[in-house]
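A.B. asks: sharing a sequence plus its predicted fold:
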Amino acid sequence: MVYFDAASTAPLHPVARQALLAALDEGWADPSRLYREGRRAHMLLNAARETAAEAVGCRSDELVFTSSGTRAVHTGIAGALAGRRRIGRHLVVSAVEHSSVLHAADAHEADGGAVTRIGVDRSARVTPESYRAVLRDDTALACLQSANHEVGTVQPVTEVMEVCREAGVPLLVDAAQSLGWGPVDGGWSLLTASAHKWGGPAGIGLLAVRKGVRFAAPTPADERERGCAPGFENLPAIVAAAASLRAVHDEAAAERARLTALVDCIRARIPQLVPDVEVVGDPVRRLPNVVTFSCLYVDGEALLTELDRAGFAVSSGSSCTSSTLTPSHVLRAMGVLSEGNVRVSLPRGASEADVDTFLDVLPGVVRRVREQLGAPPPAEQVEEGEASERVVDSLGKRCPIPVIELAKAIVDVPVGGLVTVISDDEAARLDIPAWCEMREQEYLGERDAAHWGHFPPEAGGVAYVVRRRT
């Protein structure tokens, strides 16, 4: 099996394994106790904190270890909001933040707080001006990821930091995807990360809170980790996390150059090898190891299953791989094609030979899945149809079937004719406009499905109207 899903969790780094095993022997005691074993554990904890703080770019007394990256995010947001409650209860987040940030924002809103969600462009990138436009006198906190977890786009964190500094608003940076490549520059106020993203053990998160930032621990008082992470420290895992973070920083420059070249190759060759594919995310300002693309007329779950059978582990933001049957919130915010979505995130040490094999296998896998779904041939040259309008009933059918039926129906109308797709699949709202852009057809928008006589209101669904242009 070739593992290409490092953005979900990176394989355990050899240094992490060595440190973990050593710390199991040396760091099993309670670091708060004064006897010899406790003092030894306390020294290990302090050394790990100093190592991690140096890698993050903060003071050791500004950093605490939590039980996960998600816990670090939730604690950081809740603590900053509680510490600045007298200022106000307005929270600003981007629409493409990790779900842990968005879930915290939803909880804050449900508790009576105000939340502004910043939109992004088609590359998943925010602008500093968009933050400047929404910061208010009652804004307690702003959040921004350093790099996107699904498409790899690097955000303009330094510029947004400056905007927040001018407004007197602290900025929490979710650095989960980027910290393994180096510290986040600039004057952030709070920072979170997760060890398993850089090759450390799972179950260890980092939360850094700068001195001077108003912060109130959201949990009951506890003497450990400054009250931010109650409970007994997982010292062996903390030691392994800190040791592996230092190791990956030492390797970062060489690996960045090597993996960037491999990803450049994937980005360039996939559109040549696979028809009707869209490579998404910023092509330049991106993580060195992530590339994401979406294939028309492909069921995302079927595509991932076939790639798994071929020996490749990748991930997807397609609605077809979600139990909720809704597209990834990142792809939805970007307004790009969601069906047949694949994220390739190369781990450190990924080889050129594995990438070449993946590119050899991918076209055949996509072709087989399309054939199974009855997709039209790629870049099909449609002839003039006779009917001026077609209505396609796709109620109850899931991604990518509504788009496949649209592609087949458009051959039956002349240039200028209309095709209306009736669908109750949430992904259609994203994928039909994206299909129109890719195939140079005109998307006219949504209509009430009940307008068409044989679709009563109780049937549900939305009518998507497309005009044939070519």
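C.D. replies: Perfect, I can see it now.

A.B. asks: which element is Pro220 on?
C.D. replies: Using DSSP states H and E, Pro220 maps to neither a helix nor a strand.

A.B. asks: OK, contacts around it?
C.D. replies: Residues near Pro220 by Cβ atoms under 8 Å, 6 or more residues apart in numbering: Pro230. The way it works is simple: take the backbone N, C-alpha and C, and place the C-beta from them, glycine included.

A.B. asks: walk me through the domains of the chain.
C.D. replies: As given by automatic domain parsing, the domain ranges for the chain are 8-248, 252-373, 389-467.

A.B. asks: dump the ones you listed to TSV, plus mean pLDDT.
C.D. replies: What follows is the domains of the chain, written out as TSV (pLDDT from 0 to 100):
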stretch	mean pLDDT
domain 8-248	95
domain 252-373	92
domain 389-467	85
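
A.B. asks: please identify which of those domains is closest to Val2.
C.D. replies: Closest to Val2 of the domains of the chain, according to Cβ to Cβ: domain 252-373, at 4.8 Å.

A.B. asks: got the domains of the chain as TSV, with distance to Val2 columns?
C.D. replies: Listed next are those as TSV, based on distance: least, Cβ to Cβ, whole Å:
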stretch	distance to Val2
domain 8-248	12
domain 252-373	5
domain 389-467	26
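
A.B. asks: can you list the buried residues in the helix ranked longest in the chain?
C.D. replies: Looking across the chain with DSSP state H, the single longest helix is helix 235-273. Going by neighbour count (16 or more other Cβ atoms under 10 Å), the buried part of helix 235-273 is 235-245, 247-249, 251-252, 255-256, 258-259, 262-263, 266-267, 270.

A.B. asks: and that helix, how far out from the chain's middle?
C.D. replies: Centroid separation between helix 235-273 and its chain, computed with Cα atoms, centre = their mean, to the nearest Å, is 17 Å.

A.B. asks: just checking, what packs against that helix?
C.D. replies: helix 14-26, helix 36-56, strand 277-280, strand 290-295, helix 352-373 (3 or more Cβ pairs under 8 Å, 6 or more residues apart in numbering; DSSP states H and E).

A.B. asks: the fourth one pairs with which strands, and in what direction?
C.D. replies: Strand 290-295 pairs in its sheet with strand 277-280 (antiparallel), strand 341-345 (antiparallel), by DSSP bridges.

A.B. asks: check which helix or strand covers Ala302.
C.D. replies: Short version, using DSSP H and E: Ala302 is in helix 300-309.

A.B. asks: mind listing what's buried along that helix?
C.D. replies: Within helix 300-309, judged by 16+ other Cβ under 10 Å, the buried ones are 300-304, 306-307.

A.B. asks: ok, now stretch 12-25?
C.D. replies: 12-13, 15-17, 19-20, 23.

A.B. asks: ok, now stretch 38-58?
C.D. replies: 41-42, 44-45, 48-49, 51-58.

A.B. asks: chain center to it: distance?
C.D. replies: 29 Å.

A.B. asks: for stretch 203-213, same thing?
C.D. replies: Chain-centre distance of stretch 203-213: 21 Å, with Cα atoms, centre = their mean.

A.B. asks: where do the helices sit along this protein?
C.D. replies: 14-26, 36-56, 69-83, 99-110, 128-134, 157-167, 235-273, 300-309, 329-334, 352-373, 401-409, 428-439.

A.B. asks: out of these, nearest to Thr470?
C.D. replies: helix 428-439 (7.8 Å).

A.B. asks: on that earlier part again, would you list the helices of the chain in JSON lines and tack on distance to Asp393?
C.D. replies: Putting the helices of the chain into JSON lines (distance: least, Cβ to Cβ, whole Å) gives the following:
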{"stretch": "helix 14-26", "distance to Asp393": "54"}
{"stretch": "helix 36-56", "distance to Asp393": "55"}
{"stretch": "helix 69-83", "distance to Asp393": "42"}
{"stretch": "helix 99-110", "distance to Asp393": "34"}
{"stretch": "helix 128-134", "distance to Asp393": "40"}
{"stretch": "helix 157-167", "distance to Asp393": "46"}
{"stretch": "helix 235-273", "distance to Asp393": "33"}
{"stretch": "helix 300-309", "distance to Asp393": "23"}
{"stretch": "helix 329-334", "distance to Asp393": "24"}
{"stretch": "helix 352-373", "distance to Asp393": "17"}
{"stretch": "helix 401-409", "distance to Asp393": "9"}
{"stretch": "helix 428-439", "distance to Asp393": "13"}
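
A.B. asks: closest one to Ala463 among these?
C.D. replies: Comparing those by Cβ to Cβ, helix 428-439 comes nearest, at 10.3 Å.

A.B. asks: contacts for that closest one, please.
C.D. replies: Against helix 428-439 from outside (Cβ under 8 Å, 6+ apart): 276, 278, 294, 296, 327, 331-332, 335-339, 394, 399-400, 402-403, 406-407, 421, 423, 441-443, 446, 462, 464, 466, 470.

A.B. asks: just the buried ones from these?
C.D. replies: Neighbour counting over these (16+ other Cβ under 10 Å) leaves 276, 278, 294, 296, 327, 331-332, 336-339, 394, 399-400, 402-403, 406-407, 421, 423, 441, 462, 464, 466 as the buried ones.

A.B. asks: how far off centre is stretch 127-134?
C.D. replies: With Cα atoms, centre = their mean, you get 21 Å for stretch 127-134.

A.B. asks: buried ones in it?
C.D. replies: In stretch 127-134, residues buried by neighbour count (16+ other Cβ under 10 Å) are 127-128, 130-131.
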